[in-house]
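Chemist: fold the stuff below for me.
(chains A and B)
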Amino acid sequence: MIISEKNLMRIDQRYFGSRLAEKLKTRRGRRRAFVFSVLSLLAFGYLAGFATWLVIAPNTVTPAEKFFNALFWVMLVVVTQLQPMLLLSVRSAISWPGQPFDERQQQLITRARSDAFPIVIVLMALSILAGLAMLIATISGKLLFSHPMYGGVPVLIGFSVMLIAMAKHAPYLLLAWQLPDEPREDGEMDDD
Amino acid sequence: MTERKVEFHNRLKMLRVERNLSRKQLAEMTNIHPQTIGYIERQQFNPTIELALRLSKVLGVGLDAIFSAEEFHLIDNKTLSG
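Modeler: A predicted model of the protein is given here:
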């Protein structure tokens, strides 16, 4: 996840000391954020697929199409929450403006990237296989659409975007799942 | 060859509190993230020798006064009197 210092500062200004930021300091809160992030990444694929479909077949007329159109906007709102939530979940492990980036954080990031590598490979391979399967199924006539462009291309794009987005976020998702409860920030002298 | 994991113990928290330092202050003095101090105190992170030396310098005690491979025991009056 490549993100500018300006965006991190913006997240800090908006969420510093907020209830959300406090909740995400606990393992339980982070694991909830993990689930939300995975769902958001699935939504991300849906957005990409549906946007493609809208470009190809812009006139939504049936009730189902209107429903999917409305769902698109709901998903868009959900997805905008993904990045701040995931970044806040792993805040103590990543480089943040104005904060030192020390050996513990470097170790965590390195380990998360290394642990995520096999997952990334599998997700990338899946996106290639999905493309091939879709191509074969369409050519052999096993996948029927009123026009192959209407169904096949949006599904393929949506699926690939979802898998690639998951691969990109994999180290941070792993960190969000694995990090223990944060020690309370002080002030305090004798806590825990 | 299997790697044998050594369990480290530390009394960083005790030494920090003795000096009336908050985690944030100690973190600033050693140029690390405040949470890292917390994780070391909870023995969820073992620092490198370089960071351990920095902590020992800031706290003004030897390394063996902060870190040990064996558990630290409370010094009671009986031990002190010999």
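
Chemist: could you check how far residue A:52 is from chain B?
Modeler: Separation of residue A:52 from chain B (C-beta to the nearest C-beta, to the nearest Å): 42 Å. Using the backbone N, CA and C atoms, a C-beta is placed for each residue, glycine as well.

Chemist: what sits against that residue?
Modeler: Applying C-beta atoms under 8 Å, 6 or more residues apart in numbering or on different chains to residue A:52 gives the contacts A:153-154, A:157-158.

Chemist: so how many other residues sit close to residue 11?
Modeler: All of this refers to chain A. Neighbour count of residue A:11, defined by other C-beta atoms under 10 Å in any protein chain shown: 18.

Chemist: wrong one, chain B
Modeler: Residue B:11 is flanked by 17 other residues according to other C-beta under 10 Å.

Chemist: for chain A, see how far away it is.
Modeler: Residue B:11 is 13 Å from chain A, by C-beta to the nearest C-beta.

Chemist: now that residue: closest residue in space, sequence neighbours ignored.
Modeler: Using C-beta to C-beta, 6 or more residues apart in numbering or on different chains and skipping the chain neighbours, the partner closest in space to residue B:11 is residue B:72 (5.2 Å).

Chemist: check the secondary structure at the one you found for me.
Modeler: Recorded secondary structure, residue B:72: coil (DSSP: H, G, I helix; E, B strand; the rest coil).

Chemist: my read: it touches residue B:9, true?
Modeler: Yes. Counting by C-beta atoms under 8 Å, residue B:72 touches residue B:9, with 5.9 Å between them.

Chemist: tell me how many other residues crowd the nearest residue to residue A:23 once chain neighbours are set aside.
Modeler: In space, and not counting its chain neighbours, residue A:23 is closest to residue A:29: 3.9 Å by C-beta to C-beta, 6+ apart. Using other C-beta under 10 Å, the number of residues around residue A:29 comes to 20.

Chemist: coming back round to it: from the contacts of residue A:52, which land in helices?
Modeler: A:153-154, A:157-158 (DSSP state H).

Chemist: counting by contacts, list what whichever strand or helix holds residue A:20 packs against.
Modeler: Per DSSP states H and E, residue A:20 falls inside helix A:19-23. If you count contacts as 3 or more C-beta pairs under 8 Å, 6 or more residues apart in numbering or on different chains; DSSP states H and E, helix A:19-23 packs onto helix A:82-89.

Chemist: quick one: the helix it packs on to chain centroid distance?
Modeler: Helix A:82-89 has its C-alpha centroid displaced from the chain centroid by 9 Å (C-alpha atoms, centre = their mean, to the nearest Å).
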